[in-house]
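1. Requesting a structural model of the entry that follows:
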Amino acid sequence: MPGVALGARITGEPGARGALLREVVSRYSTLAAFGVGLMLLTGVYLASLHVGGWERLADTDYGRALAIKIGLVMVM
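-> Purely as a prediction, here's the structure:
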């Protein structure tokens, strides 16, 4: 976000800084949401390849590690 702060300083107008910040955050939020969704889809696909099913989460080391990671993310 240093670019946002720099851009806000360049404009010099208090109202323009808020508008610029809203625009940048809006665009970044859309891109970030797409990226998180893509990671979620690829993660589910890779987990299904490695584990094979929800019932096998407790049977494999990868499944146990994945279950712990899922639990930690849910807590956050």
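2. Need the mean per-residue confidence for the helix or strand Val44 falls within.
-> Assessed by DSSP states H and E, Val44 sits inside helix 14-50. The average pLDDT within helix 14-50 is 84.
3. Buried residues of it, list them for me.
-> Residues of helix 14-50 classed as buried by neighbour count (16 or more other Cβ atoms under 10 Å): 17, 20, 47. Every residue, glycine included, has its C-beta placed from N, CA and C.
4. for stretch 49-67, same thing?
-> The neighbour-count check on stretch 49-67 (16+ other Cβ under 10 Å) flags 51, 57, 63, 66 as buried.
5. Between its first and last residues, how far does it reach?
-> Taking Cα to Cα, to the nearest Å, stretch 49-67 runs 15 Å from one end to the other.
6. picking that back up, following the helix holding Val44, which helix or strand shows up next?
-> Using DSSP H and E, the helix or strand that follows helix 14-50 in sequence is helix 61-75.
7. so how far is that next one off the chain centroid?
-> From the chain centre to the centre of helix 61-75 is a distance of 17 Å (Cα atoms, centre = their mean, to the nearest Å).
8. likewise stretch 28-46?
-> Distance, centroid of stretch 28-46 to centroid of chain: 6 Å (Cα atoms, centre = their mean).
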